[in-house]
Every structure is written in structure tokens, then in C-alpha cells.
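>>> take a look and give me a structure for this.
(2 chains)
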Protein chains: 2
Amino acid sequence: MTLDRAFSVRVPEGDAMPRKVCDHCGFVAYENPKIVVGSVVRSEGRILLCRRAIEPRRGYWTIPAGYMELNETPEEGAMREAREEAGASIAIERLLAIYSVPRISQVQLIFRAELSDPAVEAGVETLELRFFAWDEIPWDDLAFPSVHWALNHERAAEGGAPPVPFGNPEGAAGDRMPDGRPLPVGDF
Amino acid sequence: MTLDRAFSVRVPEGDAMPRKVCDHCGFVAYENPKIVVGSVVRSEGRILLCRRAIEPRRGYWTIPAGYMELNETPEEGAMREAREEAGASIAIERLLAIYSVPRISQVQLIFRAELSDPAVEAGVETLELRFFAWDEIPWDDLAFPSVHWALNHERAAEGGAPPVPFGNPEGAAGDRMPDGRPLPVGDF
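Alright, predicted model coming up:
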């Protein structure tokens, strides 16, 4: 197959914004923000993390999360991601946080969850799974700023914070790790 | 321009799900759920509603809301929609509700807001604007189930409900109006 696509940027009829339109077939490639759904999964007081087998951030630790798919609810998506990435069956408790990363046009819906079956197994996007106690969390090797945020917010929720979902930490847009390290540019 | 696009549905290399792939150019049309951002806008105890000038549900009343665009936060998107549809400057207070309509692959983020400037003006997608007291809301002529939900949730919030965002009413997936009337199939 020849990848001879060529998109011009112009405002389609009846629209208000410039969009990418294929010069060959007229297809309008509407691009809108994507929703990431994920969960902080607890089991016997430990937190399930997955070491990423794929770029961006291969080798770094993350929570089970990924792009929401068509015709599912956010909760169903978070359960699917836990199954795909960690072979994990989880029980969703409530929404922990809503994060916004406008640079990469993402809204993340992160749930609190409890593992409902002890059997887990690393999926194809995961090198390794591990359950971490709070004093074992590999803070310096977390994949993304929002993983850092979600773990801190989970700890606050366990400490009795009211059940209002958290948002981005004050002033944080997800452009750098919380310790100031820059992020590789990627679409997560 | 010839609209000769032809998509085959197949699993692209490295993907796990079937996607639409253009037979001509190989473009993968990833489709993911879209985010609708909107607000329930108060002014002197009344609620701002917009009568829709466009299908679906032309002539019916709605809150200012629409698809979130790239590189904006949900709050910025809700402010943009209020400006575009009602010429309204608003101050966002907090997240009122998160609704999920999996049939049409939407997640809606609806904020509570206060009008910050009395000047409003119907945009091109709006036939008419009006501020309604609670006993004037045109319940039978609301455009979508989620407008109904958001207004009821705003009323509950004004009545002192805790600041936890609401979700879909129990058992409701947005397939019908709350009085049981079917919805025309549309992408909102």
C-alpha cells in the first residue's frame, strides 16, 4: 500500500475551525482531544504498577491506563485497560481524579479500584508487574507526571480526603516530571 | 474534489483493535470517544439556555456545550462554547457532572458557571437565548437527556448537594429522554 496521503489544512464547509483534509479523497480528519482511562489498583494495601514494554517511556512504571475506546463507559475502559496491561480483574470504587494535559490534548479519568482476583499477568505492553507498598514506590522511575499525581492523590484519598475528584496540581500542565525533569515528547 | 474514499476495517500493525483504514492512502482513521464540554450558566438566579439553530434537535433548548478542541483544557473549552453559542463571558466555578453516553461514544464534562458580563448574543448555532427561572424551564422541549440531567443536578447543587460531580442518573445511558420519548439518532 502506498502511503501517499497529503493533507491540506482548511476550514471545511459548515465548520468554524481549520481541519486536515485529504487532498486525494476529501476525508476530513477531525482531531479532538482523547480520553485516557486508568486506575490506581490496590491489593492488600499495596499498589499495582506496570513497567512499560513500549515507547514512550519504555522501562518506566505506570498505572494501568490507556485510550478509551468507542462505545464503552469510562469505567468499562479502565477495567479493560487493567485486564489488557496487567491481566487484572478490578472493582472500580470511584473517580479519583480528572487531569488535563492540553499540550498533548488529553483528558485523563483515573479511578480508585481494588483488585478482585489475585491472579495477574503482564500483557504485551508490560515488561513486569509489581505490587508496591507506599515506601517502595519508585518515584524517580515513574513514566509520566500524571502517574506521580495519581499516586499522591490516592495516598491523600486513603488519608481521608473528601470524595471530590482531584485535578492537576496547581500550575502543573503535565509538561515536566514533578522533579523538574523534562519529558520526552510523546502522545501520552 | 471527488469523495472516493473507501475504508476497509482491519487491525493495523501493532494495534489490537480493528480500525478503519483508507484503501487509497493507508490513512488509519482512529476513532475514539469525544469529549463534550459545557456549562450550566447562572445569572441572577436564572439559567441561560440556547435554542438550537442546527440539527440534531433544531428548535430545542440546550445549555452551551460542544466538542472540546485540541490544546485546550476542559474549562477553556466550556468558556469557548459559551462565547460561541451565546456570546457569553462566564466564570467557571466547579465541575458539576461527568456523563457518559456510550452509544454515541461521548463523555460530557459539565461545569457550574456564573455569567460575568450581562451582554449575551445568540451565535450562529443558536436561534434564541433566554434566562429561565426554575419554574419556567421548558422541560418538554430540552434537546438532549443530558441537558435534563444537568439542570436537575444544578438544582440539587444549589440545594446543597456535596461538591462531588454527578454522573448519569441510575440506569440511564442517554438513549431516551427522561419521559421515555425516543431520541432522533444523532451525534450529540
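>>> contact residues of chain A facing chain B?
Within reach of chain B by Cβ under 8 Å from any Cβ of the partner chain, chain A has these residues: A:1-5, A:16-17, A:22, A:24-27, A:29, A:31-35, A:67-74, A:76, A:84, A:95, A:98, A:100, A:102-103, A:105, A:107, A:109, A:162-165. C-beta here means a position set from N, CA and C on the backbone, and glycine is covered the same way.
>>> those residues in helices, which ones?
A:74, A:76, A:84 (DSSP state H).
>>> show me the contacts for the second one.
It refers to A:E76. Neighbouring residues of A:E76 by Cβ atoms under 8 Å, 6 or more residues apart in numbering or on different chains: B:P102.
>>> quick check: A:V37 vs B:L183, distance?
To B:L183, A:V37 is 25 Å away according to Cβ to Cβ, to the nearest Å.
>>> still on that earlier bit, any chance of TSV for the ones in helices among the residues of chain A next to chain B, columns pLDDT?
TSV is the format used below for these (pLDDT from 0 to 100):
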residue	pLDDT
A:P74	97
A:E76	97
A:E84	97
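>>> tell me the one among the residues you listed nearest to chain B.
A:P74 (5.9 Å; Cβ to the nearest Cβ).
>>> just checking, that closest one touches B:Y99?
No: if you go by Cβ atoms under 8 Å, A:P74 and B:Y99 don't touch, sitting 10.3 Å apart.
>>> looking at these two, which one has more neighbours?
B:Y99 (26 against 23; other Cβ atoms under 10 Å in any protein chain shown).
>>> contacts only, for A:R58.
A:52, A:127.
>>> next, it: secondary structure please.
coil (DSSP: H, G, I helix; E, B strand; the rest coil).
>>> now do the phi/psi pair for it.
A:R58 has phi and psi values of phi -60, psi 140 when expressed as degrees, to the nearest 10.
>>> also A:L115?
phi -70, psi 130.
>>> where does the residue nearest to it when sequence neighbours are not counted land on pLDDT?
Spatial nearest neighbour of A:L115, chain neighbours left out: A:S43 (3.8 Å); criterion: Cβ to Cβ, 6 or more residues apart in numbering or on different chains. Here, the pLDDT recorded for A:S43 equals 98.
>>> and if you look at A:C25?
Taking A:C25 on its own, its pLDDT is 78.
>>> domain-wise, how is chain A divided?
Domains of chain A are assigned by automatic domain parsing as A:1-31, A:34-158.
>>> out of these, which one sits most buried?
domain A:34-158 (a mean of 19; mean count of other Cβ atoms under 10 Å in any protein chain shown).
>>> please state the offset of that one from the chain centre?
7 Å (Cα atoms, centre = their mean, to the nearest Å).
>>> could you tell me the least trusted of the domains of chain A?
Mean pLDDT is lowest for domain A:1-31 among the domains of chain A, at a mean of 76.
>>> gap between that one and the chain center?
Computed by Cα atoms, centre = their mean, the chain-centroid distance of domain A:1-31 equals 28 Å.
>>> from the chain's centroid, how far away is stretch A:166-174?
With Cα atoms, centre = their mean, you get 15 Å for stretch A:166-174.
>>> could I get the CA-only coordinates of that stretch as CSV?
Written as CSV, here are the backbone C-alpha positions of stretch A:166-174 (Å, rounded to 0.1, in the frame of the first residue of the first chain):
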residue,chain,number,x,y,z
PHE,A,166,-8.6,15.8,42.2
GLY,A,167,-7.4,17.8,39.3
ASN,A,168,-3.9,18.8,38.1
PRO,A,169,-1.7,20.0,40.9
GLU,A,170,-1.7,23.9,41.0
GLY,A,171,0.2,25.2,38.0
ALA,A,172,1.0,21.8,36.5
ALA,A,173,0.2,21.1,32.9
GLY,A,174,2.0,17.8,32.6
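>>> buried ones in that stretch?
Residues A:166-169, A:172, A:174 are the ones in stretch A:166-174 that count as buried (16 or more other Cβ atoms under 10 Å in any protein chain shown).
>>> residue boundaries of the strands in chain A?
Counting by DSSP state E, the segments of chain A that form strands are A:7-10, A:19-22, A:28-29, A:34-43, A:46-52, A:61-62, A:65-67, A:90-101, A:106-115, A:126-132.
>>> TSV for those strands, including distance to B:P145?
Listed next are the strands of chain A as TSV, based on distance: least, Cβ to Cβ, whole Å:
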stretch	distance to B:P145
strand A:7-10	35
strand A:19-22	29
strand A:28-29	28
strand A:34-43	20
strand A:46-52	36
strand A:61-62	35
strand A:65-67	26
strand A:90-101	21
strand A:106-115	20
strand A:126-132	38
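>>> now for the ones you listed, which one comes closest to B:E136?
Nearest of the strands of chain A to B:E136, taken as Cβ to Cβ: strand A:90-101 at 32.4 Å.
>>> so which elements touch that closest one?
Contact analysis of strand A:90-101 by 3 or more Cβ pairs under 8 Å, 6 or more residues apart in numbering or on different chains; DSSP states H and E lists strand A:34-43, helix A:74-86, strand A:106-115, helix A:145-158, strand B:90-101 as its packing neighbours.
>>> in contact with the closest residue to A:E128 other than its chain neighbours, which residues are there?
Nearest residue to A:E128, sequence neighbours excluded (Cβ to Cβ, 6+ apart): A:R51, at 4.3 Å. By Cβ under 8 Å, 6+ apart, the residues touching A:R51 are A:59-62, A:126-130.
>>> which residues does A:R51 bridge with?
Going by DSSP bridges, A:R51 is paired in beta bridges with A:W61, A:E128.
>>> rewinding a little: list the contacts for the residue nearest to A:L115?
Per Cβ under 8 Å, 6+ apart, neighbours of A:S43: A:114-115, A:118, A:131.
>>> next one: A:P138
By Cβ under 8 Å, 6+ apart, A:P138 lies in contact with A:49, A:61, A:132.
>>> mind running it again at 6 Å?
Neighbour list for A:P138: A:W61 [criterion: Cβ atoms under 6 Å, 6 or more residues apart in numbering or on different chains].
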